[in-house]
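Participant: A predicted structure for the sequence below; I have some questions about it.
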Amino acid sequence: MSRVCILHVGGTIGMALTERGWVPAAGFVERFLTSIDSQPSLPEWELHRLEPLLDSANMRPRDWVRIAEEVASRYDAFDGFVVLHGTDTMAYTSSALSFLLAGLGKHVVLTGAQLSLANVRSDGREHLVTSILLATLPIPEVTLYFGQRLLRGNRAQKIHNRDFVAFASGNFPPLARIGVGIDIDSDLIRPAGDGLHTVDMVKEPEVIAIRVYPGIQEPLLRRMLAAPVDGVILETYGTGTFPSEDAGMIRAIAEAIDRGVVVVNCSQCHSGRVQQGLYGTGRALQDIGVISGHDMTPEAALTKLYCLLAADRPLDVVRRKMELDLAGEISPA
Ligand code: ASP
């Protein structure tokens, strides 16, 4: 009999409606799991609540580390893991876990809901039950299950706040489609790692995202790039283009890179890849040493850069690894 560990971190799935709106609460997840516990086709499960339960808008990098540690400390005792998480930052956490849980040989599934289990129409019921079943399958990856699709965790993005299909991975097909059956695309599944080793986070780097927009100006950009910033995800247009006619802004980025700030170019587009050489407006970034994010999501790039800098890797290693595929987050060109 397989055993699944369910880590309840927070999110709408277990929220209660109060006079301050929806807030995390204990009880709904427990009650639902108890109501289905007698199903013979369900693997054995054990629920652990991570206190305090969080709206995922309140999650920080230290919460990613905490979840990774909770998985690692129970790794040998379970066949798979389900993380119940808010949808707002789920794609950041699923990305971060894919980098923190190196050498993974078991399935870690993140899921949640658009409607709380307190609601009779909650999508959380199917998400939770299916995730428990998926967790036992030989999919040695961090994934995200939502709206009948199993997505690679570091490829997913939240794309909707009302549809039940709230996530998509624009640059990578779903690992599995779940309808009447569970159809896994086994060619897409990564091979099992060589044994779990969590990455040691010895620093708390300052990694920021800067979304480029028409009208962005040098003084503000300079302030954003100023110390103590260690890493920047520059969210550019299209194939990685930037308002390059403003020589002052290009100079500001070049000076930051010279100071040792790692700057990565990711596109604001949900699908496609960065090609810094395609337009002059992107080439200007390439010329000053901005790293291409290729087809990484900004979520994957930000958490990857955070993990590499937090592990205190030498800067040339960080820069090189940002362009290498570490956990299925980058497709070959
Ligand atoms: N604000 C909630 C959260 O991210 C939204 C959700 O779970 O759907 O925790």
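Facilitator: Yep, it's here.
Participant: My understanding was that residue 53 contacts residue 10; is that so?
Facilitator: Yes. Judged on CB atoms under 8 Å, residue 53 makes contact with residue 10 at a distance of 4.1 Å. Quick note: C-beta positions are derived from backbone N, CA and C, even for glycine.
Participant: quick one, which of these two is more surrounded?
Facilitator: Comparing residue 53 with residue 10 by other CB atoms under 10 Å, the one with more neighbours is residue 10, at 26 against 19.
Participant: Residue 58: how many residues sit nearby?
Facilitator: For residue 58, using other CB under 10 Å, the count is 13.
Participant: returning to that earlier point: got any residues that touch both of residue 53 and residue 10?
Facilitator: Residues touching both residue 53 and residue 10 (CB atoms under 8 Å, 6 or more residues apart in numbering) are residue 24.
Participant: Can you name the helix or strand that whichever residue of the chain sits closest to the ligand falls in?
Facilitator: In the chain, the residue that lies nearest the ligand is residue 86 (1.9 Å; CB to the nearest ligand atom). In this structure, residue 86 sits in neither a helix nor a strand according to DSSP states H and E.
Participant: Pull out the buried residues from the longest strand along the chain.
Facilitator: If you go by DSSP state E, the chain has its longest strand at strand 44-54. The neighbour-count check on strand 44-54 (16 or more other CB atoms under 10 Å) flags 45, 49-50, 53-54 as buried.
Participant: do the same with stretch 1-17
Facilitator: 4-15.
Participant: Same list, those, but as a markdown table with distance to the ligand and secondary structure please.
Facilitator: Converted to a markdown table, the buried residues of stretch 1-17 look like this (distance: CB to the nearest ligand atom, whole Å; DSSP: H, G, I helix; E, B strand; the rest coil):
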| residue | distance to the ligand | secondary structure |
| --- | --- | --- |
| 4 | 21 | strand |
| 5 | 20 | strand |
| 6 | 16 | strand |
| 7 | 15 | strand |
| 8 | 12 | strand |
| 9 | 9 | strand |
| 10 | 6 | strand |
| 11 | 4 | coil |
| 12 | 3 | helix |
| 13 | 7 | helix |
| 14 | 9 | helix |
| 15 | 7 | strand |
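Participant: May I have stretch 269-287 as CSV, with CA atoms only?
Facilitator: In CSV, the C-alpha atoms belonging to stretch 269-287 read as follows (Å, rounded to 0.1, in the frame of the first residue of the first chain):
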residue,chain,number,x,y,z
CYS,A,269,4.9,36.8,-23.1
HIS,A,270,3.3,33.6,-21.7
SER,A,271,4.7,31.5,-24.6
GLY,A,272,7.8,31.8,-26.8
ARG,A,273,11.5,32.4,-26.0
VAL,A,274,13.9,35.2,-25.6
GLN,A,275,16.2,35.8,-28.5
GLN,A,276,18.3,38.8,-27.6
GLY,A,277,20.0,39.0,-31.0
LEU,A,278,16.9,39.1,-33.0
TYR,A,279,16.2,42.9,-32.7
GLY,A,280,18.6,45.7,-32.1
THR,A,281,16.5,46.5,-29.0
GLY,A,282,17.4,43.2,-27.5
ARG,A,283,20.9,43.0,-28.8
ALA,A,284,21.7,46.1,-26.7
LEU,A,285,21.1,44.0,-23.6
GLN,A,286,23.1,41.1,-24.8
ASP,A,287,26.1,43.4,-25.6
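Participant: ok, and for it, which residues are buried?
Facilitator: Buried, per 16+ other CB under 10 Å, within stretch 269-287: 269, 273-276, 279, 281-286.
Participant: and which of the residues you listed is nearest residue 65?
Facilitator: Distance to residue 65 across the buried residues of stretch 269-287 (CB to CB) is lowest for residue 274, with 28.3 Å.
Participant: before we move on, the earlier item: put together CSV for the buried residues of stretch 1-17, with pLDDT on each row.
Facilitator: Shown next, in CSV, are the buried residues of stretch 1-17 (pLDDT from 0 to 100):
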residue, pLDDT
4, 98
5, 98
6, 98
7, 98
8, 98
9, 98
10, 98
11, 98
12, 98
13, 98
14, 98
15, 98
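Participant: what does the stretch 1-150 of the chain put close to the ligand?
Facilitator: 10-12, 55-57, 86-88, 112, 114 (CB under 6 Å from any ligand atom).
Participant: same thing but at 8 Å, please
Facilitator: 10-13, 15, 22, 24, 54-57, 85-90, 112-114 (CB under 8 Å from any ligand atom).
Participant: Put the buried members of these into a ChimeraX selection.
Facilitator: Applied in ChimeraX, the following selects the buried portion of these according to 16+ other CB under 10 Å:
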select :10,11,12,13,15,24,54,55,56,85,86,87,88,89,90,112,113,114
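Participant: Nothing else from me, thank you.
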